[in-house]
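Asker: Build me a model:
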Amino acid sequence: MSRFARVTDQSGRVHWVNLDHVRMIAELKPVKNNAARTAIHIDSYWVERQLQVIETPEDILGQG
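Answerer: The predicted structure is shown next:
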């Protein structure tokens, strides 16, 4: 059974990420006036993309 995590991008949109398709989760350093963010690299058969979200890696993996 697939595990999903609910994440929010920088603009406030909510995405459901299938944790089985996540290749890498990396915490990015904060840039001037921006909060720390997390990059999620998703890879499946048809699409490869990156999401930058406000949740920490611990929060994302704790949902699964």
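
Asker: going forward, measure contacts and count neighbours with C-alpha atoms only.
Answerer: OK.

Asker: ok, so what distance separates the residue positioned nearest the centre of the chain from Val47?
Answerer: In the chain, the residue lying closest to the centroid (CA atoms, centre = their mean) is Ile40, at 3.8 Å. Distance of Ile40 to Val47, computed by CA to CA, to the nearest Å: 13 Å.

Asker: again with Ile25
Answerer: Where Val47 is concerned, Ile25 sits at a distance of 17 Å (CA to CA).

Asker: Which stretches in the chain count as helices?
Answerer: 57-63 (DSSP state H).

Asker: Give the residue spans of it that score low on pLDDT.
Answerer: Residue ranges of the chain with pLDDT under 70: 64.

Asker: This protein: strands as residue ranges?
Answerer: Taking DSSP state E to define them, one finds strands in the chain at 4-8, 14-18, 22-28, 37-43, 48-53.

Asker: Ok, which of those comes nearest Leu61?
Answerer: Between Leu61 and these, the shortest separation by CA to CA is 7.6 Å, and it involves strand 4-8.

Asker: Let me have the strands of the chain in CSV, extended by distance to Leu61.
Answerer: What follows is the strands of the chain, written out as CSV (distance: least, CA to CA, whole Å):
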stretch, distance to Leu61
strand 4-8, 8
strand 14-18, 11
strand 22-28, 9
strand 37-43, 11
strand 48-53, 13
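
Asker: do you know which of those strands lies nearest Asp59?
Answerer: So among the strands of the chain, strand 4-8 is nearest, using CA to CA, at 9.0 Å.
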